[in-house]
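Predicted coordinates and the sequence they were generated for:
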Amino acid sequence: MAEITAQLVKDLRERTGAGMMECKKALQATNGDIAEAEVYLRKQGIASAGKKASRATKQGLIGSYIHAGGQLGVMVEVNCESDFVARTDDFKELVHDIAMHIAAADPRYLRREEVPAEVLEKEKEIARDRARNEGKPDKVLDRIVEGRLAKFYEEVCLLEQPFVKEATLTIEQLVKTKIAKLGENISVARFIRFKVGDVAAAEAGGENAALEPVAQ
């Protein structure tokens, strides 16, 4: 396999606007062929989506999902740039799919940057002690911890979780496919997950992220 250099990843990122990790994966999948990697990203709807990521999202929808039996419910706010896009079936489907995913996958945070430092340090400590107990040499501990943290983020951060309806896509990649299709920036702003009997409902999306109950 061809060497995937940082410069090659950077070049593909500049050509497509996709994220660094997505560019690296595309290059690995195409044996370092940058033209084929661009096609690979376009097929997934990722290329060009990143270029829209800086545009303001002040419209959107608050979607909800109530699981059968009424014991579990989710509210999620997904934003876009225009009211026109917010009213499209594609956007409504995205909001519903994300709400349903949250109900099924139970994420604790929206993105990895929101994981509290103390939680992250505890996970590092657990991963390091576990590796030592498995007899791993000290020289590889950092690499093992890094890999297990990546798995931790995948389990608890909404944007990094594999989409429950299509495990080859993360939620972030799912959003990017809609950005590419609808031509507007789209972002997940916040969510809250309720479960009957669980008073500590999971809220995510930054400070003051809780969705206010609808007045009766």
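Nice, thanks for sending it over. Because the structure is predicted, anything quoted here is derived from the model rather than measured.

Just say helix, strand or coil for S64.
Here S64 is recorded as strand under DSSP: H, G, I helix; E, B strand; the rest coil.

Name the nearest residue to it, ignoring sequence neighbours.
With C-beta to C-beta, 6 or more residues apart in numbering as the criterion, S64 has its nearest non-adjacent residue at 5.1 Å, and that residue is M75. Bear in mind the C-beta positions are built from the backbone N, C-alpha and C, glycine included.

what's that neighbour sitting at in phi/psi?
Here is the backbone geometry of M75 (degrees, to the nearest 10): phi -120, psi 140.

Do you have the helices of the chain handy? List them.
Assigned by DSSP state H, the chain shows helices spanning 6-16, 20-29, 34-43, 83-86, 89-105, 117-133, 141-156, 171-182.

which stretches of the chain aren't confidently modelled?
Across the chain, the ranges flagged by pLDDT under 70 are 1, 17, 45-56, 199-203, 205-216.

Okay, domains of it per the record?
6-48, 55-111+157-204, 116-155 (automatic domain parsing).

Mind putting those into a markdown table with mean neighbour count?
As requested, these are arranged in a markdown table below (neighbours: other C-beta atoms under 10 Å):
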| stretch | mean neighbour count |
| --- | --- |
| domain 6-48 | 18 |
| domain 55-111+157-204 | 18 |
| domain 116-155 | 13 |
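
residue nearest the centroid of the chain?
Among the residues of the chain, the one closest to the centroid is L159, at 1.3 Å (C-alpha atoms, centre = their mean).

For stretch 89-108, C-alpha coordinates in PDB please.
Output in PDB follows, covering the C-alpha atoms of stretch 89-108 (Å, rounded to 0.1, in the frame of the first residue of the first chain):
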ATOM      1  CA  ASP A  89     -38.800  16.000   3.200                       C
ATOM      2  CA  ASP A  90     -35.000  15.200   3.200                       C
ATOM      3  CA  PHE A  91     -34.300  17.500   6.100                       C
ATOM      4  CA  LYS A  92     -37.300  16.200   8.100                       C
ATOM      5  CA  GLU A  93     -36.200  12.600   7.500                       C
ATOM      6  CA  LEU A  94     -32.700  13.500   8.800                       C
ATOM      7  CA  VAL A  95     -34.100  15.100  12.000                       C
ATOM      8  CA  HIS A  96     -36.300  12.000  12.600                       C
ATOM      9  CA  ASP A  97     -33.500   9.600  11.900                       C
ATOM     10  CA  ILE A  98     -31.200  11.400  14.300                       C
ATOM     11  CA  ALA A  99     -33.900  11.400  17.000                       C
ATOM     12  CA  MET A 100     -34.500   7.700  16.500                       C
ATOM     13  CA  HIS A 101     -30.800   7.000  16.600                       C
ATOM     14  CA  ILE A 102     -30.400   8.900  19.900                       C
ATOM     15  CA  ALA A 103     -33.200   6.800  21.400                       C
ATOM     16  CA  ALA A 104     -31.400   3.600  20.300                       C
ATOM     17  CA  ALA A 105     -27.800   4.500  20.900                       C
ATOM     18  CA  ASP A 106     -28.000   6.600  24.100                       C
ATOM     19  CA  PRO A 107     -25.200   9.100  23.400                       C
ATOM     20  CA  ARG A 108     -24.000  11.100  26.400                       C
END
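
Next up, the contacts around L169.
Counting by C-beta atoms under 8 Å, 6 or more residues apart in numbering, L169 touches 44, 162-163, 177.
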